[in-house]
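Undergrad: I'd like to go over a predicted model; first the sequence, then the structure.
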Amino acid sequence: MQDAKIMLRVESVSVRYGNVRALEPMSFSAAEHSLTLILGPNGAGKTSLLRALAGAVSAGAGHVILDDTDITALPAHRRVKRGIALVPEGRGRLPSLSVRDNLILGWYSAPAERRGDIDGEFSRMFDLFPVLRERLDQDCSTLSGGEMQMLAIARGLLAKPRVLLLDEPSLGLAPLATAKVYAALGALSAGGLAMIIVEQKAVPQSNPHETTIVLHNGRVRFQEDRRPTADELAMLYLGRKAAA
């Protein structure tokens with residue numbers, strides 16, 4: 001993307017769990033306004049990649065460079081302060097707390113120097129996800145799947161990230177809820193946020209500044225500035241063309 005600032009560089013990052021290598025070395029960069037879509041079947045290494053970028057697991061090798069600063073050795077909470085936030089698989093909501101309490105925790109996780117007025121920050125989230133305003137005092141465990149996903153994304157955004165990592169945001173959602181979530185993500189990308197999104201299948205929202213990476217058995221099988229076709233995905237996932 002011409003003239004866009006590179007927010008995150010991933011340089012030969014790999015992940016091991018004991019003697020098992022979950023992710024072979026891989027490299028890519030994410031610029032402001034961009035979408036990096038990571039596709040692959042279960043066990044491909046997608047979640048391991050996001051966890052390594054967020055600091056939830058240690059990279060077995062390589063470097064994570066955020067805004068020209070090497071953060072490879074930083075723990076997860078310090079990476080959040082530097083500007084990288086993870087919305088984990090399974091929504092990551094905190095049960096028994098209200099929607100308001102979840103949002104407050106997100107607001108407190110932002111660096112003090114970038115933390116805006118709480119009412120103003122909440123208002124910004126309600127512009128993206130109006131239903132959260134209606135659910136503010138509701139126990140978050142009573143939300144629908146789509147509402148939980150919106151809450152998880154809003155909490156991540158309140159940390160004021162420059163790079164947002166999302167692990168299967170469409171998991172378990174109805175098509176309408178998925179469309180609403182991705183419409184909001186599209187607006188965020190237009191505002192300058194760099195996003196790295198993990199999914200098992202292609203997503204409805206496209207981005208003019210987009211890279212797609214397909215992982216299989218921990219290895220990069222496809223990495224281009226376009227979406228693979230259905231036949232290409234079937235070959236990458238299954239070794240055969242998609243059914244007619």
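TA: Thanks, I have it.
Undergrad: Show the contacting residues for residue 71.
TA: With contact taken as Cβ atoms under 8 Å, 6 or more residues apart in numbering, residue 71 is in contact with 55, 64, 65, 78, 79, 82, 84. Backbone N, C-alpha and C define where each C-beta goes, glycine included.
Undergrad: 7 Å instead?
TA: By Cβ atoms under 7 Å, 6 or more residues apart in numbering, the residues touching residue 71 are 64, 79, 82.
Undergrad: Check which residues of the lengthiest helix in the chain are buried.
TA: Counting by DSSP state H, the longest helix found in the chain is helix 175-190. For helix 175-190, the neighbour count (16 or more other Cβ atoms under 10 Å) marks 177, 178, 179, 180, 181, 182, 184, 185, 186, 188, 189 as buried.
Undergrad: can you list the residues that contact that helix?
TA: 33, 35, 128-129, 145-146, 149-150, 169-170, 173, 195, 203-205, 207.
Undergrad: State the distance from the residue nearest to residue 223 when sequence neighbours are not counted to residue 89.
TA: Distances taken as Cβ to Cβ, 6 or more residues apart in numbering place residue 213 nearest to residue 223, at 4.8 Å, with adjacent residues excluded. Residue 213 sits 18 Å away from residue 89, going by Cβ to Cβ, to the nearest Å.
Undergrad: who are the neighbours in contact with residue 146?
TA: Counting by Cβ under 7 Å, 6+ apart, residue 146 has contacts 173, 174, 177, 180, 181.
Undergrad: Adding pLDDT and distance to residue 15, write the residues you listed out as a markdown table.
TA: Below are the contacts of residue 146 laid out as a markdown table (pLDDT from 0 to 100; distance: Cβ to Cβ, whole Å):
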| residue | pLDDT | distance to residue 15 |
| --- | --- | --- |
| 173 | 83 | 27 |
| 174 | 84 | 32 |
| 177 | 84 | 31 |
| 180 | 85 | 32 |
| 181 | 86 | 27 |
